[in-house]
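J.: quick one: sequence and predicted model below, then my questions.
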Amino acid sequence: MGALGHSFLVGETGIEAVKNMHHGIHGKGMSVKFRKGDLGGDGSYYSTPKKGVLMRAETNMMLMSPAKQGKPHAAGVHQMDIETGQVVTEWKFEKDGTPITMRDITNDSKGAQLDAAESTFMGLDDNRLCRWDMRDRHGIVQQSDSTVLDWADGHQFARGTNFQCFATTGDGCVVIGSSDGKIRLYGKTSMRVAKTAFPGLGSPITHVDATYDGKWILGTTDTYLILISTVFTDKDGKTKTGFSGRMGHKIPAPRLLKLTPVDAHLAGKNKFHGGQFSWVTESGRQERHVVATVGKFSVIWNFRQVKNSDHVCYKGQNGLKSCYCYKIVPKDESIVDSKFMHDKFAITNSPEAPLVVATPKKVSSFSIAS
């Protein structure tokens, strides 16, 4: 999703641009078609990008494609110029002269894609967390068709972290989800040791997100979403988040966002994926909703309700509290992704920006208030 003039649909054979408007996305603009071998692979198959990350005031997109068919890891990224639709640089991942892989990339912070001078981005592999720099060690932007990214900062952990997914806050802190269910919080100054680690409930974390202010984090599992407050008071009486201080025994009980038994039956064997907050990139702005996808459903929770400990759903519940209050937006076919547009596109009679829902055949957007 773009926060400026356009958003982009990344598919199996290319990228299409759509206009961002206050009532939703509209029309089609630039279209770039991929050829076999363009974005990796051995030329015998289309290496569909697994991830697209907008950078440099949304004038560039970093496309990460699997190095091998059926595997999530990539050996590098392709930098595309949005205006020309051309891949301008093929970047390789290396550490100390040795090629390595990444399973995910993201921006340095929630609003970093709007920075015209952005030259760094975050990378994650099973046991690695790092920051990549497109400049060389002297701070000069590298210019060539195929270049090695500079490992600017990061840490390679001993085996066993099993990192799966990550996201950043507005000030550049990092939340990481693992296949063993753990969720780790890293501050801005060190990627070596997590400030706080939530033990998890056993289910693998497939997607994570954080609010802009870092006070709440959201983890997605196959059958439920886990919502956790990171705010606590330290021994000196100061209010902090788990990104800036060690929460220890002050970690609060998470809230679980689930489907009712009836809706879970209708969803069948489909799994939740891509749970995320609505999108803000300014201090003082508050996220209003949580959205996740399961099968043919986009499921929307009111964030202001579910984070309230007095919410009606929680009354009479013992132990972990679960919320079953949500809206469902059904489609005729399986949904690929559901995301809210940037909150600046909220219309005057709606508290929330439009929701964009993508299926294999169609992309639509609408105000959830209607």
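T.: Noted; the coordinates are in hand.
J.: by residue count, what's the longest helix in the chain?
T.: When the chain is parsed with DSSP state H, its longest helix is helix 261-267.
J.: buried set for it?
T.: 266, 267 (16 or more other Cβ atoms under 10 Å). Using the backbone N, CA and C atoms, a C-beta is placed for each residue, glycine as well.
J.: quick one: it to chain centroid distance?
T.: Helix 261-267 sits 26 Å away from the centroid of its parent chain (Cα atoms, centre = their mean, to the nearest Å).
J.: and what of stretch 66-76?
T.: 19 Å.
J.: could you tell me the end-to-end distance of that stretch?
T.: End-to-end distance for stretch 66-76: 9 Å, by Cα to Cα, to the nearest Å.
J.: contacting residues for residue 289?
T.: 277, 278, 300, 301, 302, 303, 340, 352, 368 (Cβ atoms under 8 Å, 6 or more residues apart in numbering).
J.: of the residues you listed, which belong to strands?
T.: 277, 300, 301, 302, 340 (DSSP state E).
J.: so, low pLDDT: which residues of this structure?
T.: Scanning the chain for pLDDT under 70 picks out 28-30, 34-47, 69-70, 136-146, 348-350, 370.
J.: list of residues touching stretch 184-196?
T.: Residues contacting stretch 184-196 (Cβ under 8 Å, 6+ apart): 129-131, 153-155, 171-176, 178, 197-198, 217, 230, 241-247, 251.
J.: how does it look with 7 Å?
T.: 129-130, 153-155, 171-176, 197, 230, 242-247 (Cβ atoms under 7 Å, 6 or more residues apart in numbering).
J.: then stretch 148-158?
T.: 91-95, 120, 127-137, 191-192.
J.: make it 6 Å
T.: 91-92, 94-95, 127-133, 191-192 (Cβ atoms under 6 Å, 6 or more residues apart in numbering).
J.: closest to residue 290 among those?
T.: residue 129 (25.0 Å; Cβ to Cβ).
J.: skip the chain neighbours and tell me the closest residue to the closest one.
T.: By the measure of Cβ to Cβ, 6 or more residues apart in numbering, the closest residue to residue 129 outside its immediate chain neighbours is residue 191, 4.8 Å from it.
J.: ok, now residue 88?
T.: residue 81 (5.0 Å).
J.: for the one you found, give the beta-bridge partners.
T.: Assessed by DSSP bridges, residue 81 has beta-bridge partners residue 60, residue 86.
J.: which SS state does the most centrally placed residue in the chain fall under?
T.: Residue closest to the mean C-alpha point of the chain, counted by Cα atoms, centre = their mean, is residue 167 at 5.3 Å. What DSSP: H, G, I helix; E, B strand; the rest coil gives for residue 167 is strand.
J.: quick thing: my sequence starts at 387, can you match it?
T.: Let's use 387 as the start, then, which means that last one is residue 553.
J.: pretty sure it sits against residue 598.
T.: No - counting by Cβ atoms under 6 Å, residue 553 stays clear of residue 598, with 11.1 Å between them.
J.: quick one on the thing from earlier: which one of the contacts of residue 675 is nearest to residue 394?
T.: Nearest member of the contacts of residue 675 to residue 394, counting by Cβ to Cβ, is residue 726, at 15.9 Å.
J.: please name the nearest non-neighbouring residue to that closest one.
T.: Counting by Cβ to Cβ, 6+ apart, the residue nearest residue 726 is residue 664, at 4.1 Å.
J.: contacts for stretch 465-472, please.
T.: 416, 418, 445, 446, 447, 448, 449, 473, 474, 475.
J.: among those residues, which one lies nearest to residue 492?
T.: residue 448 (9.7 Å).
J.: got the contact list for that closest one?
T.: 439, 463, 465.
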